[in-house]
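**Student:** below are the sequence and a predicted model for it; my questions follow.
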Amino acid sequence: MALKGKTIPQHGSPDEHIAEAIEAGLTDGKLPCPAAFAISKDLGVTPREVGNTANLMNVHLSRCQLGFFGYPAKQGYTATGVPDLDVPEGLPEAIQAAQNKAGNVSCADLWILAATYAAPRLLVGYVTDQLGIHVTPCRLGAF
């Protein structure tokens, strides 16, 4: 998550319990997306609360489960071989149908499509990227 482009609230402080869990979940100083979701589940808070707390702590997210940020190679797709995977029939059309009036699709909707089509989330992110569709909002607030 690119913190330099975000407006971080100057007031308030990170939730103590979430902050402790984030500190424990850091890898190379960043919070991997899967760890953020595990924290959310373990603490019974929303993913957005974890993302907001990470922002207040100036902690970057990494390893987006849709592949949009936090990987050494471009969006993680090349490094994981995603371009070589078979795309389930109907998935591109379903992604297009999930677009809102602004032409965007939400991260949450893409997770649902991944489950519906039994496809890896990285593949769904890759297809979305190839279709030129902008993803927003992120469930953690990264974009």
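**Tutor:** Sure thing, it's come through. Numbering: from 1, shown residues only.
**Student:** low-confidence bits of the chain, can you list those?
**Tutor:** The chain contains residues with pLDDT under 70 at 1-11, 73-75.
**Student:** domain boundaries for it, per the record?
**Tutor:** 3-62, 78-130 (automatic domain parsing).
**Student:** now the residue nearest the centre of the chain: how far from residue 42?
**Tutor:** The centroid of the chain falls nearest to residue 64 when counting by C-alpha atoms, centre = their mean (4.3 Å). To residue 42, residue 64 is 20 Å away according to C-beta to C-beta, to the nearest Å. Where C-beta positions appear, they are placed from N, C-alpha and C, glycine not excepted.
**Student:** just residue 59 next, same as before
**Tutor:** Relative to residue 42, and taking C-beta to C-beta, residue 59 is found at 17 Å.
**Student:** higher neighbour count, those two?
**Tutor:** residue 59 (22 against 11; other C-beta atoms under 10 Å).
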